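*Asks:* Fold the following for me, if possible:
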Amino acid sequence: MANLKTETITLNVDDGTTMSAYVAAPEGTAKAPAIMVFQEIFGLNPNIRDIAERFAKIGYVAIAPELFHRTAPGFVGSFSDLQSCMPHMQAMTPDGNIADARAAYDWLQKNPRVAPQRHR
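*Replies:* Coordinates of the predicted model:
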């Protein structure tokens with residue numbers, strides 16, 4: 001099992017908002033392929049962080065953007081309370097989703113740990 005470095009970063013999104021993202025990467029300085037991990041309706045919860053960490057353990061730089069940053073920064077929904085999650089999911093727009101994905105992708109493109117052309 002690889003040692004990991006995890007952190008929460010802040011990304012600037014093209015629509016003028018800022019978005020948190022959880023990053024997990026293998027420790028060290030070697031370049032690695034990258035992967036984007038997207039949350040489900042429950043937000044950037046421990047399950048999504050664990051998925052990012054599992055990718056990091058097998059050698060990826062993983063970034064998980066917080067897609068509900070416009071309506072509920074830091075929101076973590078309960079698996080037993082889907083209703084509280086619905087307004088945040090329903091407020092998402094295609095343009096916002098594209099802007100969020102682009103912000104995460106651009107961060108990966110500029111990250112010196114990410115191997116060029118090895119994105120998944």
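
*Asks:* Would you agree P33 is in contact with P116?
*Replies:* No: P33 is not in contact with P116 according to C-beta atoms under 8 Å; the separation is 9.9 Å. Placement of C-beta: from N, CA and C, glycine included.

*Asks:* So if I had to pick from those two, which one is more boxed in?
*Replies:* P33 (18 against 9; other C-beta atoms under 10 Å).

*Asks:* Do you know the pLDDT at the more buried one?
*Replies:* Looking at P33, its pLDDT is 94.

*Asks:* same check, this time on the one 4 residues further on
*Replies:* Reading off the confidence values, V37 has pLDDT 98.

*Asks:* just G28 next, same as before
*Replies:* 87.

*Asks:* Distance of it relative to N3?
*Replies:* Using C-beta to C-beta, to the nearest Å, G28 is found at 8 Å from N3.
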